[in-house]
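Asker: Quick one, what's the 3D model for this:
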Amino acid sequence: MDPAMRHIWKRVFYRLHRTLIFPKRNNSGHAEHTAFPASSHSKCIKPTLLVSRLYQPSNLRDVGQDSRLAGEMTCKSQRLMQQAGLIHPSNPGCYYYLPATVRSMEKLVRVIDKEMQGIGGQKLDMPSLCSADLWKTSERWDLMGKELFRLKDRHGADYCLGPTHEEAVTTLVAHQTTLSYRQLPLLLYQITRKFRDEPKPKFGLLRGREFYMKDMYSFDVSEEAAYQTYESVCQAYNRFFARLGLRCVQVQADTGNIGGTVSHEFQLPADIGEDRLLICENCSFSANVETLSSNRTDCPQCKTGTVVESKGIEVGHTFYLGKKYSHMFKATFNNSQNKPTIAEMGCYGLGVTRILAAAIEVMSTEEGIRWPGLIAPYQVCVLPPKKGSKVDEASVVAEELVNTLGETLPSLRGEVVLDDRTQMTIGKRLKDASRLGYPYVIVVGQAALEETPKYEVICQQTDETMFLSKDGLLDLLGRVETV
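Answerer: Predicted coordinates:
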């Protein structure tokens, strides 16, 4: 076929393809969905993910330039997440989690599940509504003070909304009177909403009144075995943060109202952090300032290193509880002599929503979100050219690329979105993509129409821009780790 005829057929194919892929828009800019032809096969076709259809603002507010809004945004992660339509305030300390945030949280939960189940954790779900009788037995009903959300049912019975579940899980295990030493260690965990009546909720998801947490509880045959379990959980936490690409410091901590004899916090160093940390420059020693004298400059571990103060965001906490709760609630197992024996316990928490916000806080720029790659809501955003531009026909190539990525790279199925808002310039959509933090943004322009097509690929985590062939692009994205 001569070049002229090839060009004519290319234009015909482009116009037909564009009618099917990009629906006409009404005066408000919304898609007229009747532009998609009905088909008996339509239920079998998985639609392309279109930015215009995502329940998320398409025109991101620059709250940093609005003095009233900026005054409400007390940290970077809160400003960026509200600006990007990831969260929306409901009432003090409570937020709507919008679809992109839920996608990210679900991925985060899958990473947590893998690490917890990798050390023998078994997932369950306990009631958020907890009887006051359990908390009175542990004497924490009064100890927790105003931080505990309390309520009465229609019969006048007292309850609380659980901020943590030591009482509940120990009662559960205590009811199993046939628990054998052969079944230990027993590690039970859940990922649920928690409630704490913060006096001054702030920093968005970093300090709220309602939040998601992973809490795990261990039951062991002896103190020695319990310490081994404790260490295995701490190692799993360190692997978990390493998988996310987050620099996390494990520090000695106070046991607080949870109780026990040993405790460690997992802290992300950050200027916005509310915890003060002391870290030795010479050895592995680190501690929350609560556990040491704040004016101490020498290291109690190596004796020679200098202790430097830093701020941190607490994203995890572990406790060796001993028999504090198991003795109260008579949580026993049958030992090798078939005698009832009190179990040794530990408890271990990860702030799921706090990790999400803290990761954005420490990784992002002032202008845009940068996600840990594993938990980005979507991995790739493809930008076709502006409608009516000289390279308008590259829109067909963009749609074909989206389909190719999903078909060729199974790990990216459901991870690639097409920014079909072609009434907007590439520059404007690039700015939105930067703010939303897609790890990879692919611009399909003139170079994609050449005999050897090239795609502009922007890696947002590294600020690197590359021009790749289709094979080079597939090779790059084929190495992307997903969960």
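Asker: So in this structure, where's the weakest helix or strand by average pLDDT?
Answerer: None of the helices or strands of the chain scores lower by mean pLDDT, DSSP states H and E than helix 67-72, at a mean of 48.
Asker: ok, residue 82 to residue 315 distance?
Answerer: For residue 82, the distance to residue 315 equals 21 Å [CB to CB, to the nearest Å]. Quick note: C-beta positions are derived from backbone N, CA and C, even for glycine.
Asker: ah, wrong one, I meant residue 277
Answerer: Distance of residue 277 to residue 315, given as CB to CB: 13 Å.
Asker: residues shared between the contacts of the two?
Answerer: Taking CB atoms under 8 Å, 6 or more residues apart in numbering as the criterion, residue 277 and residue 315 both touch residue 267.
Asker: wait, is residue 170 part of a helix?
Answerer: Yes. Secondary structure of residue 170 (DSSP: H, G, I helix; E, B strand; the rest coil): part of a helix.
Asker: dump the residue contacts of it.
Answerer: 217, 325, 326, 328, 329, 331, 345.
Asker: Residue 82 and residue 315: which has the busier surroundings?
Answerer: residue 315 (25 against 21; other CB atoms under 10 Å).
Asker: Tell me the spacing between the more buried one and residue 376.
Answerer: For residue 315, the distance to residue 376 equals 18 Å [CB to CB].
Asker: now swap in residue 297 and tell me
Answerer: For residue 297 relative to residue 376 (CB to CB), the value is 41 Å.
Asker: I'd assumed residue 105 was in contact with residue 483.
Answerer: No. Residue 483 is beyond contact range of residue 105, at 11.9 Å (criterion: CB atoms under 8 Å).
Asker: Find the residues that touch each one of these two.
Answerer: Taking CB under 8 Å, 6+ apart as the contact rule, residue 483 and residue 105 both touch residue 375.
Asker: In terms of neighbours, single out the busier of those two.
Answerer: Set residue 483 next to residue 105 and count neighbours by other CB under 10 Å: residue 105 wins out with 19 against 14.
Asker: so who does the more buried one touch?
Answerer: The contact partners of residue 105, taken as CB under 8 Å, 6+ apart, are 97, 212, 352, 353, 356, 375.
Asker: mind listing what residue 340 touches?
Answerer: For residue 340, the contacting residues are 332, 333, 334, by CB under 8 Å, 6+ apart.
Asker: If we use 10 Å, what do you get?
Answerer: By CB atoms under 10 Å, 6 or more residues apart in numbering, the residues touching residue 340 are 177, 179, 330, 332, 333, 334.
Asker: Next: residue 284.
Answerer: Shown in contact with residue 284 (CB under 10 Å, 6+ apart): 249, 250, 299, 301, 302, 305.
Asker: Now neighbour count too, for these, in a markdown table please.
Answerer: Below are these laid out as a markdown table (neighbours: other CB atoms under 10 Å):
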| residue | neighbour count |
| --- | --- |
| 249 | 18 |
| 250 | 18 |
| 299 | 23 |
| 301 | 16 |
| 302 | 13 |
| 305 | 18 |
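Asker: rewinding a little: so if I had to pick from residue 297 and residue 376, which one is more boxed in?
Answerer: A count of neighbours by other CB under 10 Å puts residue 376 above the other of residue 297 and residue 376, at 25 against 11.
Asker: Compute the distance between the residue nearest to that one when sequence neighbours are not counted and residue 392, please.
Answerer: The shortest distance from residue 376 to any non-neighbouring residue, by CB to CB, 6 or more residues apart in numbering, is to residue 439 (5.2 Å). Going from residue 439 to residue 392 by CB to CB gives 27 Å.
Asker: These two: which is more packed in?
Answerer: residue 439 (22 against 16).
Asker: So which residues of the stretch 51-200 of the chain form helices?
Answerer: Applying DSSP state H, counting those that start in this stretch to the stretch 51-200 of the chain gives helices spanning 67-72, 76-83, 99-118, 132-137, 140-143, 166-174.
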